[in-house]
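In: Give me the fold of what follows.
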Amino acid sequence: MSLNNGLFQLGIDLQRGSSNTQAEVQAEVIEFKAPHGEVTADSSSDERKDFFIVKDGEKYAGTHLIIELAGAKFLDSIEKIDAAMRECVEKAGATLLHIHLHHFTPNGGVSGVAVLSESHISIHTWPEADYAALDVFMCGDARPHECVEVLRAHFEPTDVVVDELRRGKGLV
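Out: A predicted model of the protein is given here:
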C-alpha cells in the first residue's frame, strides 16, 4: 500500500488536504486524554459522549464487549455487515466516524471496523464455519449492550457468547 493510500484511509488525503487540520486533530486527542477531574456518564452539563464512566462506584474508561456468533448467516455479505454495524452505532447512541470493511477471497470472510467518537466496533467473519468474532468498545453515554440484539437480528446465530470488560478500571 502506498503512503498516500494509507494516509487517505486514515482520513488524510495529501492531494486535497484533510477535513481537519493537524492542530485540530491534536487538540481533539489532547482533549480526550486530559480529563483529570471526576467525570461521570450522567453529567447533563457535559455535551461530550466520550468521557469516563462511573458505575457501581467504579471509574473506568469504557465497556468492551467481546461477542462471538456461532451458527450465523450472511457473514460473507459486506452490505449486511455494513448495515448491522450502522444499526449498532445508532442503537448504542454512538457517533460514527468511519467504516472500513475488507472482503477476503476465496472464502468470503470479512474483516472491518467502525471507528466511533466513543471508540470502535470490529468484526472478523469465517462464513465457512458460520462464525464471527466482534468486539464493541464504547465509552461515555454509549450503550454497547444494545449491539447484541442488533447482531442477533442481522445474522440469526444459533449461539451468542458475550464477555464484558471494564477497560481502565482502577487505572483512570
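In: When you work out contacts or count neighbours from here on, use the C-alpha atoms and nothing else.
Out: Fine.
In: now the residue nearest the centre of the chain: how far from residue 63?
Out: The residue lying closest to the centre of the chain (CA atoms, centre = their mean) is residue 120, at 1.8 Å. For residue 120, the distance to residue 63 (CA to CA, to the nearest Å) stands at 11 Å.
In: Please enumerate the helices of this structure.
Out: Counting by DSSP state H, residue ranges of the helices within the chain are 3-9, 22-33, 78-92, 146-155.
In: Least confident of the ones you listed, on average?
Out: Lowest mean pLDDT of the helices of the chain: helix 22-33, a mean of 32.
In: Tell me the bridge partners for the residue nearest to the centre of the chain.
Out: Partner residues in beta bridges with residue 120: residue 115, residue 137, with DSSP bridges as the criterion.
In: isn't it right up against residue 113?
Out: Yes: with contacts defined as CA atoms under 8 Å, residue 120 counts as touching residue 113 at a distance of 6.8 Å.
In: the bottom helix or strand of the chain by mean pLDDT?
Out: Lowest by mean pLDDT, DSSP states H and E among the helices and strands of the chain is helix 22-33, with a mean of 32.
In: ok, back up a step: overlap in contacts of residue 120 and residue 63?
Out: Residues touching both residue 120 and residue 63 (CA atoms under 8 Å, 6 or more residues apart in numbering) are 136-138.
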